[in-house]
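Undergrad: structure for the following, please:
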Amino acid sequence: MTPEIPSERQILTPSALNRLARDLLEDALPLIWIEGELSNVSRPASGHVYFTLKDAAAQIRCAMFKPKSTWLPFKPTDGLQVLARARVSLYEARGEFQLIVEHLEQSGEGALRREFERLKARLSAEGLFAESGKRPLPSLPRRIGIITSATGAALRDVLHVLGRRFPMVEVEILPTPVQGREAPAAIIAMLDAAAKAMRHDVLLLTRGGGSLEDLWTFNDEGVARAIARCPIPVVSAIGHEIDFSIADLVADLRAATPSAAAELLVPDAGNLRRVLSRNNDRLRLRTRRKLESVTQKLDHLHARLMQQRPSTRLGRGSERLAQLRARLARAVQGDSLRRRTHLSQTATRLRAQHPRKQIDRAGDDLRARASHLRAAILRMLERRRSRTNQLGGALHALSPLGTLARGYSILIEQSSSNIVRSTAQVDQGSLLRGILADGELRLRVESGN
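TA: As a prediction, this is how the structure comes out:
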């Protein structure tokens, strides 16, 4: 028998074998999530990040290439616990098993973000974020309630902007903790208390910036539902512009920062004064034009009345009478009886059409028209006077003098003429001027906070 000739063997190079192994790994395994501790972190000049991800029993090499590595919100360091989304691969040059990381976040923050997305999806399905449920903000609030920490920078920013834009608005600080285990319950209680009191036209829920953990109070489900059931419009301004919370989604309006919220809550007093001034000028112009129109109409009626004055009518009657007399004289020369009969008939018609009766009827009509005209002018003037008084009352209600008349006062430091808005502006012994509705007082500061 002829011996069997063996088939030609398939011979691979290390590069080919590693490439085949890489293709098999990448095709077999999809993107995965993996959690572990960072070790051997390095970041060369290329901008890539190389590190080892390990737990108590094993480790694996990882690479995160630029530009994804430049978008990291934190600095990877050894010992940091992270959550990574990666694809399984193999580094061909060394034949090393590795992960190509697409996304990296801190483990604790990642868990919070997953909880955030879960609660967001559930509340959205219930309709708590629907635009149809948003309440409109008052265009000119009289009293604003601010739910925040009494010592936070956010409160100072809000009060500064409100004082600059619209100092006449009344502001009530509703102090609550904005961070920590007790903060959600305190905020819920304050929202429910404000809703029960119904003292405020709008509520502002705010705090300064911080980490996701710091802001987690405003991702509390109880806080979200308290905002949703509050009958008073709620504005949310949590953290900085890049921060976003469940409270922002439920609130009737979300502001990027506390200062931006204050800008949205009140109009600019200077602009409002200019608008009122323009409206007052337009009202004066329209009133003057209306009076000119009524005066012109009155002059026209007076001219018509003069054309129909009794002396004119009497003159035309006298001319007619003279003509009749001439005709009568000519008739006498004819048939005496016929003329006499005709004269009698003409005299009867003349008495029936005597100018005095027409004058009496015209006088009655003239007096009635004059009475109606006077009544119409008086009604129009009364309406204009009432409207002017209403506008003047509204303007007075917005005036600082109106605020002083209600019992408020303005304190001015005598040396600098600055308005005192805080006890921190004055020292013991400072001289002040107190402006009241009926005059001024000279004051000396004996003690302060």
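Undergrad: can you give me the distance of residue 405 to residue 397?
TA: According to C-beta to C-beta, to the nearest Å, residue 405 stands 10 Å off from residue 397. (C-beta placed from N, C-alpha, C; glycine too.)
Undergrad: go through this protein and flag its longest helix.
TA: helix 355-398 (DSSP state H).
Undergrad: same for that helix, what does it pack against?
TA: Contacts defined by 3 or more C-beta pairs under 8 Å, 6 or more residues apart in numbering; DSSP states H and E place helix 355-398 against helix 269-307, helix 310-332.
Undergrad: can you rerun that using 6 Å?
TA: helix 310-332 (3 or more C-beta pairs under 6 Å, 6 or more residues apart in numbering; DSSP states H and E).
Undergrad: show me the contact partners of the helix it packs on.
TA: Helix 310-332 is contacted from outside by 339, 342, 343, 355, 359, using C-beta atoms under 6 Å, 6 or more residues apart in numbering.
Undergrad: now the angle from it to helix 355-398?
TA: Helix 310-332 and helix 355-398 are oriented at 170 degrees to each other (axes from the mean of the first three to the mean of the last three C-alpha atoms, to 10 degrees).
Undergrad: I'd like the average pLDDT over helix 310-332.
TA: What helix 310-332 shows for mean pLDDT is 75.
Undergrad: go on, stretch 98-112?
TA: Stretch 98-112 shows a mean pLDDT of 80.
Undergrad: okay, buried residues for that stretch please.
TA: For stretch 98-112, burial by neighbour count (16 or more other C-beta atoms under 10 Å) applies to 98, 99, 100, 101, 104, 105, 106, 109, 110, 112.
Undergrad: let me have the residues you listed in TSV, extended by secondary structure and distance to residue 259.
TA: Converted to TSV, the buried residues of stretch 98-112 look like this (DSSP: H, G, I helix; E, B strand; the rest coil; distance: C-beta to C-beta, whole Å):
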residue	secondary structure	distance to residue 259
98	strand	47
99	strand	44
100	strand	43
101	strand	38
104	strand	33
105	strand	30
106	strand	29
109	helix	27
110	helix	31
112	helix	27
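Undergrad: looking at these, which one is closest to residue 293?
TA: Nearest to residue 293 among the buried residues of stretch 98-112, counting by C-beta to C-beta, is residue 112 at 71.0 Å.
Undergrad: tell me the SS of the residue lying closest to the closest one once chain neighbours are set aside?
TA: Spatial nearest neighbour of residue 112, chain neighbours left out: residue 212 (5.3 Å); criterion: C-beta to C-beta, 6 or more residues apart in numbering. State at residue 212, reduced to three classes by DSSP: H, G, I helix; E, B strand; the rest coil: coil.
Undergrad: for residue 212, what are phi and psi?
TA: With angles defined as degrees, to the nearest 10, residue 212 sits at phi -60, psi -40.
Undergrad: cool, and residue 410?
TA: When quoted as degrees, to the nearest 10, the phi and psi of residue 410 stand at phi -120, psi 130.
Undergrad: show me what contacts the residue most central in space within the chain?
TA: Note on the chain: the residue nearest the mean C-alpha position is residue 264, at 5.0 Å, using C-alpha atoms, centre = their mean. By C-beta under 6 Å, 6+ apart, residue 264 lies in contact with residue 255.
Undergrad: name the element it belongs to?
TA: Assigning secondary structure by DSSP states H and E places residue 264 in helix 258-265.
Undergrad: starting at the chain centroid, how far to that helix?
TA: Distance, stretch centre to chain centre, for helix 258-265: 9 Å (C-alpha atoms, centre = their mean, to the nearest Å).
Undergrad: follow-up on the earlier one: how close does the residue nearest to residue 112 get to residue 45?
TA: 31 Å.
Undergrad: follow-up on the earlier one: quick one: the residue nearest to residue 112 and residue 113 touch, right?
TA: No - if you go by C-beta atoms under 6 Å, residue 212 and residue 113 don't touch, sitting 7.1 Å apart.
Undergrad: more neighbours: which of those two?
TA: residue 212 (18 against 15; other C-beta atoms under 10 Å).
Undergrad: how close does the more buried one sit to residue 278?
TA: 48 Å.
Undergrad: and for stretch 405-414, what's in contact with it?
TA: Residues from elsewhere that reach stretch 405-414, judged by C-beta under 6 Å, 6+ apart: 419, 420, 431, 432, 433, 434, 435, 436, 437.
Undergrad: okay, now the unreliable bits of the stretch 251-400 of the chain?
TA: Where the stretch 251-400 of the chain drops to pLDDT under 70, the residues are 306-313, 331-337, 339-340, 351-353.
Undergrad: domain parsing of the protein, as residue ranges.
TA: Residue ranges for the domains of the chain, per automatic domain parsing: 14-112, 135-268, 405-444.
Undergrad: buried sites along the shortest one?
TA: Buried residues in domain 405-444, counted by 16+ other C-beta under 10 Å: 411, 413, 420, 426, 430, 432, 433, 443.
Undergrad: what of stretch 118-132?
TA: Using 16+ other C-beta under 10 Å as the burial criterion, the residues of stretch 118-132 that qualify are 120, 123, 128, 129.
Undergrad: and the gap between the nearest residue to the second one once chain neighbours are set aside and residue 121?
TA: The one in question is residue 123. Distance criterion C-beta to C-beta, 6+ apart; nearest residue to residue 123, sequence neighbours excluded, is residue 224 at 6.0 Å. For residue 224, the distance to residue 121 (C-beta to C-beta) stands at 13 Å.
Undergrad: likewise residue 114?
TA: With the distance defined as C-beta to C-beta, residue 114 ends up 11 Å from residue 121.
Undergrad: also residue 100?
TA: According to C-beta to C-beta, residue 100 and residue 121 sit 29 Å apart.
Undergrad: element containing residue 204, please.
TA: Element membership for residue 204, per DSSP H and E: strand 202-207.
Undergrad: any idea of the mean pLDDT in that strand?
TA: Here the average pLDDT along strand 202-207 is 94.
Undergrad: begin at 29 from now on, thanks
TA: Sure, I'll start counting at 29 from here, so that last one is strand 230-235.
Undergrad: all helices of the stretch 129-278 of the chain, in order?
TA: With DSSP state H, counting those that start in this stretch as the criterion, the stretch 129-278 of the chain has helices at 135-154, 181-193, 211-225, 249-257, 274-278.
Undergrad: could you tell me the least trusted of those?
TA: Least confident of the helices of the stretch 129-278 of the chain, judged by mean pLDDT, is helix 135-154 with a mean of 80.
Undergrad: figure out how far it is from the centre of its chain.
TA: In terms of C-alpha atoms, centre = their mean, the centre of helix 135-154 is found 29 Å from the chain centre.
Undergrad: and the angle from it to helix 249-257?
TA: Using the same axes, to 10 degrees: helix 135-154 against helix 249-257 is 30 degrees.
Undergrad: what is helix 135-154 packed up against?
TA: Packing partners of helix 135-154 (3+ C-beta pairs under 6 Å, 6+ apart): strand 109-119.
Undergrad: quick one: contacts of the strand it packs on?
TA: 49-50, 53-54, 57, 59, 61-63, 65-66, 125-135, 138.
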